[in-house]
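**Q** heads up, no residue letters with this:
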């Protein structure tokens, strides 16, 4: 029995260069199911065809969830406790959130999931499990989380600072939230144009904010790019050695 479950575990394990053919096929199959399950979200009208597509994809998600739960001890290596801990792991929660919205269509008693369209978007997060490239990207984010959090803290500090300055010098900003909205769009150099400074002092602050914004936004981009290339190179070297 354990050998059969271990075989299932090897199939549902995320894709890597050493995975078996069955495992790679399984990953591709799940990726296709995720994409197809998102197709109805691009349409306002929910047709019988979309309903059938939804049910078919969710059945695959349920099977995947059950298989991963049944083989949780191989991944978590904590014995029978693994079966209790698995449902509260991050990816298991994402899997459940991608499944539950369908029950609001099947059973109207599930009023809790009236925002089904929003919950179904959680299925995009499942890509990280089956896509090697996204898996590497998530690994890079974990490795550089301290640097990225530092940049995020700097960005939030600068947004609040410039929002306070603009709110003080320009009376056209009726609320502080308007100033925060402007500061965020200025920092990212987006500048939608619906909220903007109306006097010379405000325009000077806006120009400085845009210049600083370019530097702040460039910091995480460089860190992520360098770390991503290093991680890919390490994976290539590891595979060559194997």
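**A** Here it is on my side, so go on. Fair warning: this is a prediction, and the values are worked out from it, not measured in the lab. Numbering: from 1, shown residues only.
**Q** can you list the domains in this structure?
**A** Domains of the chain are assigned by automatic domain parsing as 2-130, 145-241.
**Q** I'd like to know which elements the helix or strand encompassing residue 55 is packed against.
**A** Using DSSP states H and E, the element containing residue 55 is helix 48-70. Counting contacts by 3 or more C-beta pairs under 8 Å, 6 or more residues apart in numbering; DSSP states H and E, helix 48-70 packs against helix 2-12, helix 21-38, helix 90-99. (Each C-beta comes from the backbone N, C-alpha and C, glycine too.)
**Q** now render those as TSV, adding distance to residue 207.
**A** Below are the helices and strands packed on helix 48-70 laid out as TSV (distance: least, C-beta to C-beta, whole Å):
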stretch	distance to residue 207
helix 2-12	54
helix 21-38	41
helix 90-99	42
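**Q** ok, which of those comes nearest residue 198?
**A** Closest to residue 198 of the helices and strands packed on helix 48-70 is helix 21-38 (C-beta to C-beta; 42.8 Å).
**Q** redo the domains of the chain as a markdown table? Include mean neighbour count.
**A** Below are the domains of the chain laid out as a markdown table (neighbours: other C-beta atoms under 10 Å):
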| stretch | mean neighbour count |
| --- | --- |
| domain 2-130 | 15 |
| domain 145-241 | 15 |
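**Q** now the ones you listed in JSON lines, with mean pLDDT and distance to residue 139?
**A** Listed next are the domains of the chain as JSON lines, based on pLDDT from 0 to 100; distance: least, C-beta to C-beta, whole Å:
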{"stretch": "domain 2-130", "mean pLDDT": "78", "distance to residue 139": "10"}
{"stretch": "domain 145-241", "mean pLDDT": "79", "distance to residue 139": "6"}
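**Q** my guess is residue 219 contacts residue 153. True?
**A** No: with contact taken as C-beta atoms under 8 Å, residue 219 and residue 153 are classed as non-touching, separated by 11.7 Å.
**Q** quick revisit: out of the helices and strands packed on helix 48-70, the one nearest residue 233 is which?
**A** Per C-beta to C-beta, nearest to residue 233 of these: helix 21-38, 22.7 Å.
**Q** residue contacts, residue 172?
**A** By C-beta atoms under 8 Å, 6 or more residues apart in numbering, the contact list for residue 172 reads 197, 198.
**Q** where does it land in three-state SS?
**A** Put simply, residue 172 is coil when judged by DSSP: H, G, I helix; E, B strand; the rest coil.
**Q** show me which helix runs longest in this structure.
**A** Longest helix of the chain, by residue count under DSSP state H: helix 200-241.
**Q** now it: how far from the chain's centre is it?
**A** Distance of helix 200-241 from the chain centroid (C-alpha atoms, centre = their mean, to the nearest Å) equals 19 Å.
**Q** which other helices and strands contact that helix?
**A** Identification of packing neighbours for helix 200-241 by 3+ C-beta pairs under 8 Å, 6+ apart yields helix 132-143, helix 145-169, helix 176-187.
**Q** that helix vs helix 145-169, what angle?
**A** 170 degrees (axes from the mean of the first three to the mean of the last three C-alpha atoms, to 10 degrees).
**Q** okay, angle between helix 200-241 and helix 132-143 too, please.
**A** Using the same axes, to 10 degrees, the direction of helix 200-241 lies 120 degrees away from that of helix 132-143.
**Q** wouldn't residue 165 be in contact with residue 206 here?
**A** No: with contact defined as C-beta under 8 Å, residue 165 does not count as touching residue 206 (10.2 Å).
**Q** for the spatially most central residue of the chain, which non-adjacent residue is closest in space?
**A** For the chain, residue 125 is the residue whose C-alpha lies nearest the centre (C-alpha atoms, centre = their mean; 4.8 Å). Among residues not flanking residue 125 along the chain, residue 94 sits closest, at 4.9 Å (C-beta to C-beta, 6 or more residues apart in numbering).
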